[in-house]
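have a look at this prediction, sequence included:
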Amino acid sequence: MKIGDALKRASQILKDAKIETPITDSQLLLSFLLKKPRWKLITDRNEKLPEEIQLQYFLLIKKRAEGYPVAYLTGKKYFYGIEFDVEEGVLIPRPETEILVEEVLKKLPKKDKVHGLEIGIGSGNISVSLLKNKSNLIMTGVDISDKALQISTRNAIKQGVIDRFFIKKSNLFENIDKKLKFDFIISNPPYISVEEYKTLSKEVKKEPIEALVADKDGLAFYEKIISFGTKFLKDNGFFAFEIGHKQGEKVKKLLEKKGFRSKILKDLQNLPRVVIGEKND
Ligand SMILES: C[S@@+](CC[C@H](N)C(=O)[O-])C[C@H]1O[C@@H](n2cnc3c(N)ncnc32)[C@H](O)[C@@H]1O
């Protein structure tokens, strides 16, 4: 079978399975197996596809048709211009989260040493991106999931920032030294309500439910992080959260109740996506 014919057949399988981007996904998976850029598949479309690759390819296409995200099949996802390893069991970094990274980078001082804390590091995408862009930054990062700890450690090593990223297993603040004070606390916590989870696609449901769903209409983690985190912040410290687009005002209120000045920032689709809370004193 030729490359061009394999792509045609694969994208038809994905189309029949109601995958939204059948052509892109069939190209991405073949380009991953052949280690060729996507454009090269088109110029090489009359080349024969080795039998072994053909078998592997249609196995991947079958999994994709079942709803497995492309990133779990290739084991890679780009975030903030950096290639991250991902695996089933860890949340796939989302482009919306790049805004949180961007906003925090803008707020950090140019020269002074800064120590940040991330709650729920997942693949390590947020902390690693911050660390790669700020050499005066040290991050402590926690997660409750062993898989997240393993993958984030691997990403920090690959990106050469492991010496400034202290990764720890912890249920929220439980294992964080009570004497530590941070310049900021950042989190993209689970924020999908139990009700909303039921409406999500089969693709999103391949990701770990513990990384997505939160009680109290999706607000439970913000409540806990703000309530317990305040004493871990320095006097001029701040919180930075990713939020669901309907949660802006509610998270803002939670922060203001604790005496923080807060503002909501929008994403490229003009939807509320980030809330920053600064200490008032
Ligand atoms: C929405 S994901 C964010 C992952 C990553 N930071 C990102 O932006 O892609 C939330 C993360 O919080 C972690 N998590 C859930 N409950 C936690 C808890 N009680 N303590 C610490 N981490 C928790 C999950 O394992 C998951 O990795």
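That came through fine. Numbering: from 1, shown residues only.

wait, residue 137 touches residue 117, no?
No. Because the distance of 11.6 Å does not satisfy Cβ atoms under 8 Å, residue 137 is recorded as not touching residue 117. Placement of C-beta: from N, CA and C, glycine included.

list the buried ones in the one helix or strand residue 31 maps to?
Secondary structure from DSSP states H and E places residue 31 in helix 22-34. Within helix 22-34, the residues that qualify as buried are 22, 25-34, counting by 16 or more other Cβ atoms under 10 Å.

tell me which other helices or strands that helix touches.
With contacts defined as 3 or more Cβ pairs under 8 Å, 6 or more residues apart in numbering; DSSP states H and E, the secondary structure elements packing on helix 22-34 are helix 3-16, helix 38-43, helix 51-65, helix 70-74.

what helices or strands is the last one leaning on?
Under the contact criterion of 3+ Cβ pairs under 8 Å, 6+ apart, helix 70-74 touches helix 22-34, helix 51-65.

now for the longest one, which elements pack on it?
Packing partners of helix 51-65 (3+ Cβ pairs under 8 Å, 6+ apart): helix 3-16, helix 22-34, helix 70-74.

if I look at the most centrally placed residue in the chain, how far off is residue 191?
For the chain, the residue nearest the mean C-alpha position is residue 93 (2.6 Å; Cα atoms, centre = their mean). Residue 93 sits at a distance of 15 Å from residue 191 (criterion: Cβ to Cβ, to the nearest Å).

in the top strand by length along the chain, what's buried?
In the chain, with assignment by DSSP state E, the single longest strand is strand 233-242. By neighbour count, and taking 16+ other Cβ under 10 Å as the criterion, the buried residues in strand 233-242 are 233, 237-242.

how much space between residue 15 and residue 131?
Counting by Cβ to Cβ, the separation of residue 15 from residue 131 is 41 Å.

the two: which is more packed in?
Between residue 15 and residue 131, counting by other Cβ atoms under 10 Å, residue 131 is the more crowded of the two (23 against 15).

check contacts around the more buried one.
Residue 131 makes contact with 137, 139, 156, 159, 161, 164-165 under the criterion Cβ atoms under 8 Å, 6 or more residues apart in numbering.

the same query, at a cut-off of 6 Å, please.
Taking Cβ atoms under 6 Å, 6 or more residues apart in numbering as the contact definition, residue 131 lies against 137, 139, 161, 164-165.

tell me the most packed of those residues, by neighbour count.
Result: residue 139 is most packed of the contacts of residue 131 (other Cβ under 10 Å), 26 neighbours.

what's around residue 83, how many residues?
The criterion is other Cβ under 10 Å. On that basis, residue 83 has 11 neighbouring residues.

partners of the nearest residue to it once chain neighbours are set aside in the sheet?
Nearest non-adjacent residue to residue 83, counting by Cβ to Cβ, 6 or more residues apart in numbering: residue 76, 5.7 Å away. Using DSSP bridges, the beta-bridge partners of residue 76 come out as residue 85.

neighbours around residue 76, how many?
That count, for residue 76 with other Cβ under 10 Å as the rule, works out to 13.

hmm, back to that, how about the helices and strands packed on helix 51-65, which one is nearest the ligand?
When these are ranked by proximity to the ligand, the top entry is helix 70-74, at 11.2 Å, counting by Cβ to the nearest ligand atom.

what is the neighbour count of residue 193?
Applying the criterion other Cβ under 10 Å, we find 19 residues in the vicinity of residue 193.

nearest residue to it in space, please, no chain neighbours.
In space, not counting the residues next to it along the chain, residue 193 is nearest to residue 218; the distance is 4.2 Å by Cβ to Cβ, 6+ apart.

residues near the one you found, how many?
Counted with other Cβ under 10 Å, the neighbours of residue 218 add up to 25.

touching, it and residue 191? I think so.
Yes. Between residue 218 and residue 191 there is a contact at 4.5 Å, judged by Cβ atoms under 6 Å.

picking that back up, and the residue nearest to residue 193, what does it touch?
For residue 218, the set of contacting residues under the criterion of Cβ under 6 Å, 6+ apart consists of 191-193, 244.

likewise residue 50?
When contacts are counted by Cβ under 6 Å, 6+ apart, residue 50 touches no other residue.

the ligand versus that one, what's the distance?
Summarising the geometry, the distance separating residue 50 from the ligand, computed by Cβ to the nearest ligand atom, to the nearest Å, is 36 Å.
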